[in-house]
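> pasted the sequence and its predicted model underneath.
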Amino acid sequence: MTQNQKAWKLYETYVEAWKPITDDQRTSILDEVFADDLLYFTADFQGGREAVLADINSFQTKFPGSYFTIDDISTHHDIALFTWVFTQPDGKVVAKGHDHVRFSTEGKMAAITTFGPSIPKP
């Protein structure tokens with residue numbers, strides 16, 4: 001499996017946690033993909049695993065049933081840049097953005113920095 005394939009598979013699993021699922025399912029997914037000392041940064045949330053859970057809960061409260069898909073990936077060394085697509089339950093694309101992800105030596109997500117949504121040239 002190539003570096004892009006490994007990173008895609010791990011990120012794809014992570015993105016499943018953003019879907020409308022139970023808290024137990026979400027916790028199980030995050031346990032599978034996150035390093036113990038994960039760092040998480042967005043415009044509104046900063047911290048570790050608790051910040052991710054708070055962000056996901058906020059997202060599902062504001063946009064019930066919405067989810068993310070992956071558009072593309074670029075990797076080198078232990079870093080990947082993903083383009084995510086915010087999609088409503090009816091399939092309508094709302095926005096795109098990016099996650100910069102650093103992976104641990106164990107192959108788990110060690111840091112996530114989210115940029116988004118993307119906007120056209122200002």
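Yep, that arrived.
> what about the strands in the protein?
Chain-ordered strands for the chain, with DSSP state E as the definition, fall at 34-41, 46-47, 67-76, 79-87, 93-103, 109-115.
> turn those into TSV, including mean pLDDT.
Shown next, in TSV, are these (pLDDT from 0 to 100):
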stretch	mean pLDDT
strand 34-41	97
strand 46-47	97
strand 67-76	94
strand 79-87	96
strand 93-103	96
strand 109-115	97
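> between the ones you listed, which gets nearest to Gln3?
Each of the strands of the chain was checked against Gln3 via C-beta to C-beta, and the shortest separation belongs to strand 67-76, namely 5.1 Å. Backbone N, C-alpha and C define where each C-beta goes, glycine included.
> ok, the closest one: who's next to it in the sheet?
As defined by DSSP bridges, the strand partners of strand 67-76 come to strand 79-87 (antiparallel).
> ok, and for the strand it pairs with, which residues are buried?
Burial within strand 79-87, assessed by neighbour count using 16 or more other C-beta atoms under 10 Å, is assigned to Ala80, Leu81, Phe82, Thr83, Trp84, Val85, Phe86, Thr87.
> that one vs strand 93-103, what angle?
Angle, strand 79-87 to strand 93-103, by axes from the mean of the first three to the mean of the last three C-alpha atoms, to 10 degrees: 160 degrees.
> and the angle from strand 79-87 to strand 109-115?
Strand 79-87 and strand 109-115 meet at an angle of 50 degrees, taking the same axes, to 10 degrees as the criterion.
> ok now strand 79-87, how far from the chain's centre?
The gap between the average C-alpha position of strand 79-87 and the chain average comes to 7 Å, counting by C-alpha atoms, centre = their mean, to the nearest Å.
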